[in-house]
Structure formats: C-alpha cells, structure tokens
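J.: Make a model of this:
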Amino acid sequence: MDTEPVQRSLLSWMVAALGFPYLILLPLAGLLCFLLALIVVRRGNGPMSAPALILIVHVPFLIGVWAAIQGGIASYTVIATSAATPKPSEVAEGISTALVAPMVGLMLMVPSYATAALGAFIRCLGSNSEGSNPKN
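T.: Alright, predicted model coming up:
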C-alpha cells in the first residue's frame, strides 16, 4: 500500500483552494479596481474623488472576506453533516479557502492602493494652495 502524500506546488494548491469562481472573480476585481483608481486619480476632481478611491480600492479584499466566510461555512457544514468523524482533508478544503482568498484579495489590492497613494501625492505636489498669489 502506497502511503506517500501527494506533492503539489504552492501555486497549484492556491488555485485549488480558491476554486473556480474566486479564481476568476478576484483577479478581475483587482484589475477593474486598479483601472478605476487610475481613472479617478487622473480625471477625478472635486470632493467626491477621495471617497470614490476609498470605495474602489477595497473591493478585492471584500470579495476575499466573502470567500473566507463561505469557506468557513463549508468547513462547519462538513463537520455538522458527517455521521462519523470527518476526514481532515475534507475539513481542510474549506479552511484553505477561508485562509487563501483574503490573502489573494489583499495582494490584488496593493496596486490600487499604490496608484491611489502616488496619485494623491502627485496631485498635492502639482496643486497651488488657495492662499498663494503667483503674481507677486
């Protein structure tokens, strides 16, 4: 009887832990948030540009938190519905989703945060203060 554990790479484990819906949804949300942050930084004027950035940047992490809740529910469902003691691998599937999805969401949120921070810094450098008079 062969009892050696199956060797998997970290990337294949992460892909399996996320599952198909979050494997598609998280990168798309990260890309969309990055593009929207670029648009708001470049073209956004007025008092609503900062709140728009605050709302846009966090979307990948919120999707990751949703996946974490769903993974936790899946793990407890396995425990609650099994007649005997469940196998640790069955419980670990939900727990791995609960741990990996928020981490991926945080990693995909970094480019949007960097864009928002750099854009705000560049805008601060380029704007004139209201009290200064350039004609003096």
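J.: Helices along this protein, start to end?
T.: Taking DSSP state H as the criterion, the chain carries its helices at 10-43, 49-57, 59-81, 88-126.
J.: show me what contacts the most centrally placed residue in the chain?
T.: Nearest to the centroid of the C-alpha atoms of the chain, with distances taken as CA atoms, centre = their mean, sits Gly105, at 1.7 Å. Shown in contact with Gly105 (CB atoms under 8 Å, 6 or more residues apart in numbering): 26, 60-65, 67. Heads up, the C-betas are built off the backbone N, CA and C, glycines and all.
J.: again, only this time at 7 Å
T.: Applying CB atoms under 7 Å, 6 or more residues apart in numbering to Gly105 gives the contacts 26, 60-61, 63-64.
J.: For His58, give me phi and psi.
T.: Taking degrees, to the nearest 10, you get phi -90, psi 0 for the backbone angles of His58.
J.: Now it: closest residue in space, sequence neighbours ignored.
T.: Counting by CB to CB, 6 or more residues apart in numbering, His58 lies nearest to Met109, which is 6.8 Å off, once chain neighbours are set aside.
J.: and that neighbour, how many neighbours?
T.: Per other CB atoms under 10 Å, the neighbour tally for Met109 reads 22.
J.: Can you give me the distance of it to Ala67?
T.: Going from Met109 to Ala67 by CB to CB, to the nearest Å gives 14 Å.
J.: cool, Gly46 as well?
T.: Gly46 is 34 Å from Ala67, by CB to CB.
J.: ok, those two, which is more surrounded?
T.: Here Gly46 and Ala67 are compared on neighbour count by other CB under 10 Å; more neighbours surround Ala67, at 24 against 7.
J.: which residue packs closest to the more buried one, ignoring adjacent ones?
T.: Ala101 is the one closest to Ala67 (CB to CB, 6+ apart), at 3.4 Å.
J.: That neighbour: what's it in contact with?
T.: Applying CB under 7 Å, 6+ apart, the residues near Ala101 are 18, 22, 64, 67-68, 71.
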